[in-house]
Every structure is written in structure tokens, then in C-alpha cells.
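Provided below are the primary sequence and the corresponding predicted coordinates.
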Protein chains: 2
Amino acid sequence: MNILYDSVLDGPLPNVDKAALLAALRAALPDLAIVHRSEDLKPYECDGLSAYRTMPLLVVLPERMEQVQTLLRLCHQRGVPVVARGAGTGLSGGALPLSQGILLVMARFNRILEINPQGRYARVQPGVRNLAISQAAAPHGLYYAPDPSSQIACSIGGNVAENAGGVHCLKYGLTVHNLLKIEILTIEGEQLVLGSDALDSPGFDLLALFTGSEGMLGIVTEVTVKLLPKPQVARVLLASFENAQDAGRAVAEIIKAGIIPGGLEMMDNLAIRAAEDFIHAGYPVDAAAILLCELDGVEADVQEDCERVEALLMAAGAREVRLACDEAERMRFWAGRKNAFPAVGRLSPDYYCMDGTIPRRELPRVLQGIQALSGAFGLRVANVFHAGDGNLHPLILFDANLPGELERAEVVGGKILELCVAVGGSITGEHGVGREKINQMCAQFNRDEISLFHAIKAAFDPLGLLNPGKNIPTLQRCAEFGALHVHHGQLPFPDLERF
Amino acid sequence: MNILYDSVLDGPLPNVDKAALLAALRAALPDLAIVHRSEDLKPYECDGLSAYRTMPLLVVLPERMEQVQTLLRLCHQRGVPVVARGAGTGLSGGALPLSQGILLVMARFNRILEINPQGRYARVQPGVRNLAISQAAAPHGLYYAPDPSSQIACSIGGNVAENAGGVHCLKYGLTVHNLLKIEILTIEGEQLVLGSDALDSPGFDLLALFTGSEGMLGIVTEVTVKLLPKPQVARVLLASFENAQDAGRAVAEIIKAGIIPGGLEMMDNLAIRAAEDFIHAGYPVDAAAILLCELDGVEADVQEDCERVEALLMAAGAREVRLACDEAERMRFWAGRKNAFPAVGRLSPDYYCMDGTIPRRELPRVLQGIQALSGAFGLRVANVFHAGDGNLHPLILFDANLPGELERAEVVGGKILELCVAVGGSITGEHGVGREKINQMCAQFNRDEISLFHAIKAAFDPLGLLNPGKNIPTLQRCAEFGALHVHHGQLPFPDLERF
């Protein structure tokens, strides 16, 4: 099932002398933890997108900024590619190693440096887990808002690299909206501060540029995140629908009514059954779709919104609306949703989790398209998504041991993303491009836009040593892929109707 | 009082043949409105920062995207610098013309293209006025949140260029947080789409990079902004204080209590008296400082927050707290604040409006520093600021006709900004760097950071034709300025104590 690195990089690989590199590393950094034997390297051969695997040349686990700095300078001098990795939970293969490159694991940078309740920020090292920040801030009544499903495990450095989201991003924004400042090292070992503790930072907005840049521009060594006051109350409504179209319409109605839920999530029947089987969340297993709508804020406000949302859900055709009767039930409702991916994983030896975004109004049509693709290619697809954001997560089930299934799954995934682009959406919501969606970037952007990405990459990393082959395709790759540019709905609709 | 363009550009000017350029423009664009006679060019010699004036070589007022495209290509071919301008209300001289360049006025791009209540966005041309967007969205119960004081006049294209703020940015963010998508033209005439209608856009975050780039990376030709539901109610509290330190402390207490006001503004005695004299807002003219605190949301929530904020204000030492008794009084309270700049302008022939940001905890100390600088240089300073954000707007009063006063005002302004940087803040809040703060960029950033800005500039505009001499200083300029790098509080504090 290995996908070779060479096919990723879009070009010839430099041939790195492993023994010489190892010797040079040991000479320059006697304290640095280095993994170099094949059997020890095995656990690092993939990130959360396990369909793609490559054995890294070497893995290093530094503990101090100065070690990273020396390492980067050495790689820069020798022209050795570097892939940074946090907890390795990413779902687009952004931390997929290179067979001729170093995997730089930042997991040991795991200290919380400061929790400042007055300034409402936390200053942490990049290897700190997402949830650990909220736990450390909890005594002050504060928390860090973005909550990817992997928040128990994923690290904040990885969140910055992928501009991670979560079920509460509808109201509270993605990672980029919740950062104040980061410190980075460039491939040349220069230390830069992007953003500031203050409202605005002059010059170009490099903090936002860096967020979501997938390890291609530099290595994060420190992160200052905003903390928010915990809402007084949070309530969750669970609505069941006889068909997914009605659920899609309900989402549009809630948003149109001027309500901004803390979270607004949708799951289809396959996902409902899988989650219920795994977590026993109390989901109605015969519903075609459910919506989970969380409302948070002060008591009176939440009370009023709950009533309004319930009325809107019923009007849109909900069969039943249930309010989580206590905090334990609320947590159970969310546990089902947050564990939907592993739950679906139990149905099938392998699955692909896609991540695309569409305008909310296109929900019903895109759901139909996904269903048609599923039928045409003979692969089951479960749908779990941040409906309020229009952020889809189709889970394509397949068995990599059956010849051709992986390839078919890849084709279906790609076609779903192109469908997102065609209706005016985008090929990512919160998982990044990584290795997985590199071809679909050619559908999202035109030649000039991709050239501009390369020029920006070159401004930070002229030799192209940081995470090559991810995120931004070469123009040559796009040409080979067919240069299918379907920018913002320009794909002819007759073609689309086929799905 | 003219400050010559040559001193701004940091380098030798290209010598442009005006007659030949005019002929070429007329040949390529027979329909283009061109201003070329000295007497007609006069109104364009400055923007909202009137202390700096330069007569542009030519002014063009295109009406169609294709005209802008052809114009840019022609300038690119001939190496002619281009400065873009919206309504010309900017306060940092970002749209200051060049004596050897074209001033590209985008005012005629003034159509609202789409108001979409379901998608909660507005698609507009760049010359549309900020307030006009909210007016067009009002029938749907929606509005555009960022509200610079100049919102009646300023254009959304200029807001994008400067990443404009306003009194409600504490809760609702700056321009960058309220954009979905922009269309731009590069200096080579390429049309690019940055951002998307969807939640996230893959690749590097060029939308955020472009926002606040002050016309140095490209020309905005279309803007899609987010619309928010209008809060059900908004109430304003006015608190008077015997001394500014107490007011500063009250700000910190409100934020610490987990309340996020819609706006939290502070004015000192000089500003209070000026505004009261001009607007008759009902301000207490004998107070050392006032705070205006707006709370918005649903009725019950606002009611509760009003009571909590009032208690916090009294505990912090407020002499009196008044709740605006009706909508008319609320609008009057805000009118005083929003007209504070022109009001202060009536006290003095000229004034400099500075714009820096500091951590909130440093408010009392920085206020003392500003007072000391005011005394030392013999220039009155009025303070008006977005206190919740720590965004200061010291207004330095001077008379440009008195020899040396402009220069002294510039020195005081510069020192105030350096003070902001030294306490861990930044030299901008919402006005941009422009021409005004170009030297202070050398205090904010180090050599590597400024080099990176130049590399990014070169990725978009390798010939450096777009708004040269603004925003990002050359390293040579920084060397001449003394390369005073006081990055994030590293300026030795003994030095600071002198103020």
C-alpha cells in the first residue's frame, strides 16, 4: 500500500548519504535524540492518513529551540529536506515523511509557559496538546476555543500548521482566528516573531500567512493563543430527520434566522449507526440524518434560542427534537459525534476522511452527488459534517487489500472535492491539503495563483527544503493532472449532473 | 509644509516623461478619466494625513476592471509607480501620491453587487463606502461590523488596504476578520481571487496577507464581506473618573471579569472638552477621563452585563456612571467619541493622530509616559482610544506655521510609538504604517523580519512599482534611523523611565 515519496515530490529526489548525515548530526548535536534504525523508524512512517506511508531517512526529537536551530542550519547547508511533525494526528498526510529527508518531531516541546487571565492568553510550546491548554486555563474560567475531534492528542503546533478547526468553529473561528503570536525558525535558522500580543501587527500579516502553511515556511517554536471566557451554559438539541435534504434545509433556516450556534453538526444514517454502535450516545438509528445544535451563552439567551431553534427544526420537517436533559447527556451526544471517524472505521478495514467546504445552500445537491458517486464506484460513504460551516467530512469506506479499492477510493475522494469546488466551495475545511489533496489544488486555483504560492514559498525557503511535495502542486503536476481548473462554479453544470 | 516624495522613497526616483505617459494612456484607454493639470491635481496631493503632501504626476479614475488591468500592464511595461487610493480618508499617509507616479483612484467602483442574507455576505466594489454596506444590508436585519470613525466616507477597498478597525472591533474584530473573499489585480494585470465563499481556502492564506498590505501587493477590484445579525439591543454606559489611572484599571477589570463589550472607549479631559464643545454629547467636562462601554446582545444578557459593569466601574473608582436613557442619548454619546478627532482639530491649527497598541495592563504607565513627553516637548496631547483593545490614539496638537512645531510633533509621535513597542505593543492598531510610521517599523522588527517583508513584496511585485516607500522600510533607512530595534520589551527600562 506504500505510495512512494518520489511520486509526491514531483521531481527527482536528492540522494542523501544517511551515514554521513547521522555523523554530522551527532557531531553538531551530541544531545539530540535521533531515531535511525529501520525497526524504530516504523512508527513514524505515516500520520493520521494511514493510507500513505513512507519510511523517513531519520527521525529527530529535539527538546530545545537551539537544537532545532542548529539542525535546520545543518540541513540548509547540506540540502536535506525536513518534514515537521507534531502529534501526527493530521488527516491529509501533511506530516508524511520523506525517504530522503529528516522527520523533525516537536513532541518534546510540551511545556505550558504562561497562562495570563488578564491578557486572556496562553503561551505554550508547540508540542502541547490542544486540550491541555483548556485544562490549564480552566481554573480561571477560560478555555481555548478550536476543538478538533483529535483534541485529546493533537498538538497546538500541528493545529497552527493545518489551521485546524472543530465543532465550535462556526461561532469561534478556526485556529487562525484564535492566535495572537507565534515564534518560528526559518530553514536558515533565523528566529522570527509573527503577530504580537497587541491588537494588530504592522507590516504584512505573516501570522495569518504562516497559519495553515503546512510546515512549508518554517518551524513553529512557540505559540500564544487567545483564551475565551467559558460560556455560562451550553445546551444541545438533537433533531432526527426522515431525509437528509430536510436536515440541510433546517441548517440554512437556523443561520438565516440570525442564530449563531456554538456548533451545528450533521450525520447521515451510516454515520449515526456506526457511532451509536460504538459509543451508545442515544442516537435514533433509524433516522436518515440527525442534526446536533449546541447553543451557548448566558442562561436567558440560550433558553430563548433553544425555543427558536426547536421551532425552526420542526418547521423544516424534523421528526423529533430532543434537548439533552443534563450535562451527562450533552457530553454523550457530543461523544458520538467526536468519535464518528473511529466508529465508521469499525465498519471497514480502511476509510478515507475527506474534508471539503461548500456554500450552505448547496448542501442538498452535494449530498445527492456524493450518493451518486458512492453508487457508481461501489464504495460506501458515510457523511459527518460541520453543517453550519458547510464543511463536509465524507468518509469513504474501502479495503486496501482488495485490488483497486484504494485507487477507487482516491478517485471518489477527488471527485467529491471537485464537486465542492464546482459549486463555489473549497477543497479544505480544516484538515489542510497535505499529500492527499495536492491534485485538487489544480482544480481550485489557476496558474497565476499557484505561481504566486510558489513565489511566497521561495520568499521563506528558496531551496524548497521544508515539506516539499505537499500543499502546493508544481505547475507541471497540474498539467499532468489535466489542469482541470473549475474555479468557483465555472465547471459546466451538465457535466456535474452526471453524478 | 511639503514633505518631498524623494525623502519617502528611500532611493532615487525614476524620471517619468509625463507627456509621453499621458499620450500612451490616452492611446490605450481612450475612455479613461485622467486628471493632469496642476490646478486639478491639487485636491489629490494628500490623504487624511494632511501634514504630508505631494503633487501626483497624474490621477486616473477608472470605472471598469479592464481599464485598471490595461493601466497596470502599461505601468508595468514602462516602470511607472502606482499608488492606489479609495476615499482618501486614511490617517497614516498610505495613499500619499508620488510626484513621479500615477494615483489610481478607485472611487468610481461604487456598486453594491449582491446582498445575500442566507449566505450572510455582501459582494461589493472597492469604492463602496463602509456605511453604505450596512445600510444596504439593514432590510435583512444584518450589518457589516467594522466601523472606523470615518465610516460615512471611507471606502471598503481602503478598509482592506489598511485593515481598518473601529469602536466595535473589540468584539467583532478588524477588517481581516470580516472578509470572505477579494478579487485583485497584480501589477502585471493578472486577476486573482483570494479567499473563498467557503469556510477555509487551501494553500497559503493570501486573503489575510493582502489585508492591511497598504496597496503594495495589488489592487482590490471586488470585496466580499461577512454580514452579522444586528444585536437585539445595545446599551451604553458613560463613567467619569477623577484620574485616568482609575479608568485604565476599570478597563482591565471589565475584561478580566469575562465580559466582552461591543465597544470600550476612553477619552481624557482635553478630548472630553473638545468633543463636548463641538457635539454637545452631554459629557462631564470636569472629568479627568471618561469610559464609554457598550453592551450588546439579547435583552436579558445586556441587562445583566450592564449591572455587572456598573458595579466594576464604581469599584474601580468611577465618580459617576450613567446609562444612556434612550437610543437618542446613546447615539449622542457615540457621536462625541466618533467626532473626537475633528473636535480636537478645532483646538489647534494642526494635529497628528497617532495609532499604537499596548497590552491593556500597561495603560496607566503609557499614559504617564505620554504626559511626560507632552510636557518635555511643549505640545498638548489629547488621548482618545479603544481602551478595550489597548489601541491608543494620542492626538498631538501643533501649528505647522510655527517653525519647528511639525518636526517636534513628529518626534513626539515617534517616541510614543517606540514606547508602545517597548512595553510589548505595536506601532499600529488600525491606521496602518503608511508614510507616517515608516521609521518606527525599524523599532518594531528586526533585520530578518524586514528582509522577509521585502521578499514577500517581491513575490507579488518584483519591480517594486506598487506604493513604493510606504509600509516597509528599506534596511538602509533603518540603518540611518539608528536601527533602534526594541522588539517586545527589550528596550532597557531605565531608558524608558525618563518619560
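Happy to help now that I have it.

contacts and neighbour counts: CA atoms only from here.
Noted.

Okay, helices next: where are they in the stretch 301-450 of chain A?
Counting by DSSP state H, counting those that start in this stretch, the stretch 301-450 of chain A has helices at residues A:327-338, A:340-345, A:363-377, A:405-422, A:441-444, A:447-460.

which stretch among the ones you listed comes nearest A:L58?
For A:L58, the closest of the helices of the stretch 301-450 of chain A is helix A:447-460, at 23.8 Å, according to Cα to Cα.

Give me the helices and strands touching the closest one, please.
Packing partners of helix A:447-460 (3 or more Cα pairs under 8 Å, 6 or more residues apart in numbering or on different chains; DSSP states H and E): helix A:475-481, strand B:191-195, helix B:447-460.

quick one on the thing from earlier: tell me which of the helices of the stretch 301-450 of chain A sits most buried.
Highest mean neighbour count among these (mean count of other Cα atoms under 10 Å in any protein chain shown): helix A:441-444, with a mean of 26.

Distance from the chain centre to that one, please.
Put simply, helix A:441-444 sits 18 Å off its chain's centre (Cα atoms, centre = their mean, to the nearest Å).

same thing with stretch A:103-110?
Taking Cα atoms, centre = their mean, one finds stretch A:103-110 lying 19 Å from the centre of the chain it belongs to.

can you check stretch A:20-39 too?
31 Å.

before we move on, what about stretch A:252-262?
The answer for stretch A:252-262 is 24 Å, by Cα atoms, centre = their mean.

and that stretch, is it in reach of chain B?
Yes. Contact of stretch A:252-262 with chain B (Cα under 8 Å from any Cα of the partner chain) involves A:A252, A:I255, A:K256, A:G258.

Can you lay out the helices and strands packed on helix A:447-460 as TSV showing distance to A:I156 and mean pLDDT?
Below are the helices and strands packed on helix A:447-460 laid out as TSV (distance: least, Cα to Cα, whole Å; pLDDT from 0 to 100):
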stretch	distance to A:I156	mean pLDDT
helix A:475-481	31	85
strand B:191-195	24	93
helix B:447-460	23	94
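
Out of those, the one nearest B:G88 is which?
With respect to B:G88, and counting by Cα to Cα, the nearest of those is helix B:447-460 at 23.0 Å.

Let me know the angle separating the closest one from helix A:447-460.
Relative orientation of helix B:447-460 versus helix A:447-460 (axes from the mean of the first three to the mean of the last three Cα atoms, to 10 degrees): 160 degrees.

For the one residue in the stretch 1-150 of chain A that gets nearest to chain B, which non-adjacent residue is closest in space?
Using Cα to the nearest Cα, the single residue of the stretch 1-150 of chain A nearest to chain B is A:Q118, 5.2 Å away. Nearest non-adjacent residue to A:Q118, counting by Cα to Cα, 6 or more residues apart in numbering or on different chains: B:K256, 5.2 Å away.

What of A:K181?
Nearest non-adjacent residue to A:K181, counting by Cα to Cα, 6+ apart: A:G195, 4.4 Å away.

How about the contacts made by the one you found?
Residues near A:G195 by Cα atoms under 8 Å, 6 or more residues apart in numbering or on different chains: A:L180, A:K181, A:I182, A:S201, A:D205, A:L206, A:L207.

Just name the closest of the residues you listed to chain B, please.
With Cα to the nearest Cα as the yardstick, the closest approach to chain B among the contacts of A:G195 comes from A:D205, at 4.9 Å.

Return the residues in contact with that closest one.
A:L194, A:G195, B:A208, B:L209, B:F210, B:T211, B:G212, B:S213.

And for A:D200?
Going by Cα under 8 Å, 6+ apart, A:D200 touches B:T357, B:S426, B:T428, B:G429, B:E430.

Phi first, then psi, for it.
The phi and psi values for A:D200, taken as degrees, to the nearest 10, are phi -140, psi 150.

Relative to A:M314, how far out is the nearest residue to A:G317 once chain neighbours are set aside?
Excluding the flanking residues, the one nearest A:G317 by Cα to Cα, 6+ apart is A:D246, at 6.1 Å. To A:M314, A:D246 is 10 Å away according to Cα to Cα, to the nearest Å.

Check A:P126 too.
Taken as Cα to Cα, the span from A:P126 to A:M314 is 45 Å.

the more surrounded of those two?
More crowded of A:P126 and A:M314, by other Cα atoms under 10 Å in any protein chain shown: A:P126, with 30 against 16.

A:E222 is in contact with that one, correct?
Yes. Between A:P126 and A:E222 there is a contact at 5.6 Å, judged by Cα atoms under 8 Å.

For the stretch 1-150 of chain A, which segments count as helices?
Counting by DSSP H, counting those that start in this stretch, the helices of the stretch 1-150 of chain A are A:5-9, A:18-28, A:38-41, A:65-78, A:130-137.

Where among those is average confidence lowest?
Of all those, the minimum mean pLDDT falls on helix A:5-9 (a mean of 42).

Around chain B, pick out the residues from the stretch 301-450 of chain A.
Checking the stretch 301-450 of chain A against chain B by Cα under 8 Å from any Cα, the hits are A:301, A:357-361, A:389-391, A:424-430, A:432-433, A:441, A:448-449.

Type out the ChimeraX command that picks the buried ones from those residues.
Applying 16 or more other Cα atoms under 10 Å in any protein chain shown to those, the buried members can be selected in ChimeraX as follows:
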select /A:301,357,358,359,360,361,389,390,391,424,425,426,427,428,429,430,432,433,441,449
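
Verify the contact between A:S99 and A:C46 for me.
No. Contact between A:S99 and A:C46 fails when scored by Cα under 8 Å: they sit 11.7 Å apart.

which residues are common contacts for the two?
Common neighbours of A:S99 and A:C46, counting by Cα under 8 Å, 6+ apart, are A:T54.

List of residues touching stretch A:294-311?
Residues outside stretch A:294-311 that contact it (Cα under 8 Å, 6+ apart) are A:231-237, A:254, A:259-264, A:321, B:298, B:300-301.

repeat that with 7 Å
With contacts defined as Cα atoms under 7 Å, 6 or more residues apart in numbering or on different chains, stretch A:294-311 is touched by A:231-237, A:254, A:261-264, A:321, B:298, B:300-301.

right, and A:A324 touches A:V236 too?
Yes. Taking contacts as Cα atoms under 7 Å, A:A324 lies within contact range of A:V236: 5.6 Å.

got the CA positions of stretch A:108-124 in PDB?
Provided in PDB are the C-alpha atoms of stretch A:108-124 (Å, rounded to 0.1, in the frame of the first residue of the first chain):
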ATOM      1  CA  ARG A 108       9.000  17.100  23.400                       C
ATOM      2  CA  PHE A 109       8.300  20.800  23.300                       C
ATOM      3  CA  ASN A 110       5.400  20.200  25.700                       C
ATOM      4  CA  ARG A 111       5.600  22.900  28.300                       C
ATOM      5  CA  ILE A 112       2.900  25.400  29.100                       C
ATOM      6  CA  LEU A 113       4.900  28.600  29.600                       C
ATOM      7  CA  GLU A 114       2.300  31.100  30.800                       C
ATOM      8  CA  ILE A 115      -1.500  31.300  31.400                       C
ATOM      9  CA  ASN A 116      -2.400  35.000  31.600                       C
ATOM     10  CA  PRO A 117      -6.000  35.500  32.700                       C
ATOM     11  CA  GLN A 118      -5.900  39.300  32.500                       C
ATOM     12  CA  GLY A 119      -4.400  39.400  29.000                       C
ATOM     13  CA  ARG A 120      -6.600  36.300  28.200                       C
ATOM     14  CA  TYR A 121      -3.900  34.400  26.500                       C
ATOM     15  CA  ALA A 122      -1.800  31.200  26.900                       C
ATOM     16  CA  ARG A 123       1.800  31.000  25.800                       C
ATOM     17  CA  VAL A 124       2.800  27.400  25.100                       C
END
